[in-house]
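>>> My questions are about this predicted structure, shown below with the sequence.
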Amino acid sequence: MTDQVSMLIVDDEPSVRDSLLQWFLQEGFRVDTAADATEALEKMGACNFDIALLDIKMPGMDGIELQGRLKQIDSQLAVIIMTAYASVDTAIQALKQGAYDYITKPVDPDDLNRLIRNAALQRRLLRENLSLKEKIRSLIPTDQIIGKSPRMLKVIETIQTVAPTDVTVMIEGASGTGKEFVARTIHLNSKRKYFPLITINCGALTDELAESELFGHEQGAFSGALFRRKGKLELAHRGALFLDEIGSIGPRAQMDLLRVLETRRFTRLGGNEQVETDFRIISTTSKNLEEAVKEGRFSEDLYYRLNVFTIRLPSLKERVSDIPLLVDYFVGKFAAAMNKPFTGVEAGAMELLKQKATWPGNVRELQNAVERAVVVGKPPLLTASDFAGLLASEGALTQEGVLPLAEMERRHIQLALDSSGGNVSLAAQMLKVDKDTVYDKIRQYGLVY
Amino acid sequence: MILLVTIDFPGDVDYLRRSLRKGFDTEIDVSLNGLDPKPFFNPDRGQYSSTSIIERLEQETPAKASKVLAVTGLDLYIPILTFVFGEARLNGRCAVVSSYRLDNRSYGLRPNPSLLQKRMLKESTHELGHTLGLIHCQDQECVMKSSTYVEEIDFKGSWFCRRCRDFCGTALSRLK
């Protein structure tokens, strides 16, 4: 696509057409002319123009009607209506029908040049905007959540359901399960995707910083406030606010946040002006917030405001059947980044990874393990020895300490279901119990398969 | 060779001739009052049609002149605009420049003959540049920068930037 501005001049008066043609040719534009509406529509159908200068009074179809027809061909065409007789009614009519502007002949050369420059700039920005939107669309990772285990398929289905709505989402999951990734996926699949996803790292949001960070401040609000600064709530306007690890937020910041979530209005520090903002909230937590509420460490009101729709991400151990898919994805990613021709992982090494008793760092731990293995390994396949460090550090069940028996049983049955790909008969065989027992336990623990 | 035609021009033709000869490095012939302006007058506007002057110059000036530049003290217009400082056809042979709106007196200011000469020279070079195929240039100091008011003319330089010179190099050398 060329940057040269293109213009169609439509006027029944040859001297006007010719003088405008010469004027804009000298500007370096691509210019074409038409003596009437029929010729203009023909030319518009044959090639694209950025700007159309239309005389309002022409034999046959007039400029206003022609504008409508041209806009049907290209809705973003910048139309400028020209008339020899200034008439407010006509100007209003032209502008109402989407004209960019309106000039009365003769016009001051400076005014005409400025008008055309602005119209060309607007057209270029529109074009850039469309191309950037297209680029964003192509970057949206619709199939990037990796996993075919029943738990992950359920998560993906939930994301697809909740993303296009404006509902407040809470993502729960242990460290490394991909909470932030899910939050970004939700945002990028929402109608707010062209507006920012503003992240607030709640762990770093001390009570002292919270107000200025969330609400921004006016110039001179406190010593060091040299300029007006927009807060994160304002920056998230029309987009989404991502509250990462909301459980770490301090009591004062909780109150600040609660206040603004109720009204979506606030004032900048040191200011009086009410700022209204429209954002969606996506928050994550790796802590048990319900417990924090019970213990009085987390505001109950804030909890219920944030916890409208919950997505619980399974730990890696709860989706063992996804390990080969994840490993293959990470091998491909790191092999390409490091320019090493790896094709995958040896079957034995993959089995060891699947059988590893604990993954406290979850998918992130697996990702780091594969990255390390790609660094030290020799193509084409990663072997068990490339994962030696990871597997040697294995200390079965010790990492999480002693678990309640019921929790142990729940996890173990879930592991069997995941490993069998959701096949209850197979899971029952693996557990050496009958099918009915497995079904009872599924009901008892609310297991997903 | 460039033919310099005056039409009711009150300025210093000799200064212009010498300056253009130096800049374009070619002979400048002068035809004093070479065209009657009456037919170009539009009584409704009280101005003279620059387009009609160019059309007449194209018909009536000798073909041996590579370029023809008319200079006048009359107020020029084209149909769509309230006024023009000058007009030329892109890659054409003829151009016209008016001193009327370049003169401080048009803006209620004290006359400044030296400034007026400089403005006339810049606009003459600018319009001749169009006849050499040059379009408006974004370089603030290039004479081909578009100017719609006199302060813009004062700000820009009086000769082509390197890019414009490179672009019209062959056409320039053909003038000699």
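Structure's in. What do you need? Residues are numbered from 1 along each chain as shown, chains lettered A, B, ... in the order given.

>>> Name the residues of chain B found near chain A, please.
Those residues of chain B that sit near chain A, judged by CB under 8 Å from any CB of the partner chain, are B:45, B:51, B:77-84, B:87-90, B:130, B:135-136, B:146, B:148-149. For every residue, glycine as well, the C-beta is placed using N, CA and C.

>>> May I see the buried residues of stretch A:13-30?
Under the neighbour-count criterion of 16 or more other CB atoms under 10 Å in any protein chain shown, stretch A:13-30 has A:13, A:16-30 buried.

>>> Near chain B, list only the ones from those.
Applying CB under 8 Å from any CB, the subset of the buried residues of stretch A:13-30 adjacent to chain B comprises A:13, A:16, A:18-20, A:22-23, A:25-28.

>>> Out of the residues you listed, which sit inside helices?
Assignment to helices by DSSP state H places the following of these there: A:16, A:18-20, A:22-23, A:25.

>>> between the buried residues of stretch A:13-30, which is closest to residue B:26?
Proximity of the buried residues of stretch A:13-30 to residue B:26 (CB to CB) peaks at residue A:26, which lies at 22.5 Å.

>>> How about the contacts made by that closest one?
Listed by CB atoms under 8 Å, 6 or more residues apart in numbering or on different chains, the contact partners of residue A:26 are B:88, B:90, B:130, B:135-136, B:146.

>>> Would you list the buried entries among those?
Using 16+ other CB under 10 Å as the burial test, these include B:88, B:90, B:130, B:135-136, B:146 as buried.

>>> Next, give me the two most distant ones among the ones in helices among the ones next to chain B among the buried residues of stretch A:13-30.
Based on CB to CB, the longest span within those runs between A:16 and A:25 and measures 14.7 Å.

>>> okay, now residue A:234: neighbour count?
Residues lying near residue A:234 (other CB atoms under 10 Å in any protein chain shown) number 18.

>>> Make TSV out of the ones in helices among the ones next to chain B among the buried residues of stretch A:13-30 and add pLDDT and distance to residue A:370.
Shown next, in TSV, are those (pLDDT from 0 to 100; distance: CB to CB, whole Å):
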residue	pLDDT	distance to residue A:370
A:16	90	70
A:18	91	70
A:19	89	69
A:20	92	65
A:22	91	66
A:23	91	64
A:25	93	61
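
>>> mind listing what residue 110 touches?
Because you didn't say which chain, this covers chain A. Taking CB under 8 Å, 6+ apart as the contact definition, residue A:110 lies against B:148-149.

>>> my bad, chain B
Shown in contact with residue B:110 (CB under 8 Å, 6+ apart): residue B:104.

>>> Torsion angles phi and psi at it?
Residue B:110 adopts backbone torsions of phi -70, psi 140, taken as degrees, to the nearest 10.

>>> Show me the helices in chain B, by range?
Using DSSP H, the helices assigned to chain B run over residues B:13-24, B:50-60, B:113-131, B:150-155, B:162-167, B:169-174.

>>> weakest of those by average pLDDT?
Confidence, taken as mean pLDDT, is least for helix B:169-174 of the helices of chain B (a mean of 83).

>>> count of neighbours near residue A:222?
Burial measure for residue A:222: 10 neighbouring residues, criterion other CB under 10 Å.

>>> From residue A:62, how far off is the nearest residue to residue B:73 once chain neighbours are set aside?
Nearest residue to residue B:73 in three dimensions, chain neighbours excluded: residue B:10, at 4.5 Å (CB to CB, 6 or more residues apart in numbering or on different chains). Look at residue B:10 and residue A:62: by CB to CB, to the nearest Å, they are 44 Å apart.

>>> ok, the two, which is more surrounded?
residue A:62 (17 against 13).

>>> Contact partners for the more buried one?
By CB under 8 Å, 6+ apart, the contact set of residue A:62 is A:37, A:56.

>>> likewise residue B:21?
Residues in contact with residue B:21 (CB under 8 Å, 6+ apart) are B:27-28.

>>> my guess is residue A:150 contacts residue A:424, does it?
No - counting by CB atoms under 8 Å, no contact exists between residue A:150 and residue A:424, whose distance comes to 11.0 Å.

>>> Those two: which is more packed in?
A side-by-side neighbour count of residue A:150 and residue A:424, using other CB under 10 Å, places residue A:150 first with 20 against 16.

>>> Provide a list of residues in contact with that one.
A:417-418, A:421-422, A:448-449.

>>> Check residue B:39 too.
When contacts are counted by CB under 8 Å, 6+ apart, residue B:39 is found next to B:52, B:56.

>>> at 10 Å what do you get?
B:48-49, B:52-53, B:56 (CB atoms under 10 Å, 6 or more residues apart in numbering or on different chains).

>>> which of the residues you listed tops the neighbour count?
residue B:53 (25 neighbours).

>>> contacting residues around that one?
Counting by CB under 10 Å, 6+ apart, the residues that residue B:53 touches are B:5, B:7, B:35, B:37, B:39-40, B:70, B:72, B:74, B:76, B:87, B:94-96, B:98.

>>> Can you show me the helices along the stretch 201-350 of chain A?
A:207-215, A:232-235, A:251-263, A:289-294, A:300-306, A:323-338, A:347-355 (DSSP state H, counting those that start in this stretch).

>>> Please tell me the pLDDT value assigned to the residue in the stretch 101-250 of chain A positioned nearest to chain B.
Ranked by CB to the nearest CB, the top residue of the stretch 101-250 of chain A for proximity to chain B is residue A:110, at 3.8 Å. Here the pLDDT value assigned to residue A:110 is 90.

>>> how far away is it from residue B:159?
Between residue A:110 and residue B:159 the computed distance is 24 Å (CB to CB).

>>> if we can go back for a sec, which among the residues of chain B next to chain A count as buried?
Members of the residues of chain B next to chain A that pass the buried threshold by neighbour count (16+ other CB under 10 Å) are listed as B:51, B:77-84, B:87-90, B:130, B:135-136, B:146, B:148.

>>> got the residues of chain A near chain B?
For chain A, the residues in contact with chain B (CB under 10 Å from any CB of the partner chain) are A:9, A:11, A:13-29, A:53, A:55, A:82, A:84, A:103, A:105-114, A:117.

>>> rerun that using 8 Å as the cut-off
Within chain A, the residues that sit near chain B (CB under 8 Å from any CB) are A:13, A:15-16, A:18-20, A:22-23, A:25-28, A:82, A:105-110, A:112-113.

>>> what's around the nearest residue to residue A:262 once chain neighbours are set aside, how many residues?
The spatial neighbour of residue A:262 that comes closest, neighbours along the chain excluded (CB to CB, 6+ apart), is residue A:305 at 7.8 Å. Applying other CB under 10 Å, we find 17 residues neighbouring residue A:305.

>>> And for residue B:68?
Number of residues near residue B:68 (other CB under 10 Å) recorded here: 26.

>>> again with the one 3 residues further on
When neighbours are counted by other CB under 10 Å, residue B:71 registers 25.

>>> Residue A:344 contacts residue A:381, correct?
Yes - using CB under 8 Å as the test, residue A:344 is close enough to residue A:381 to be in contact (5.9 Å).
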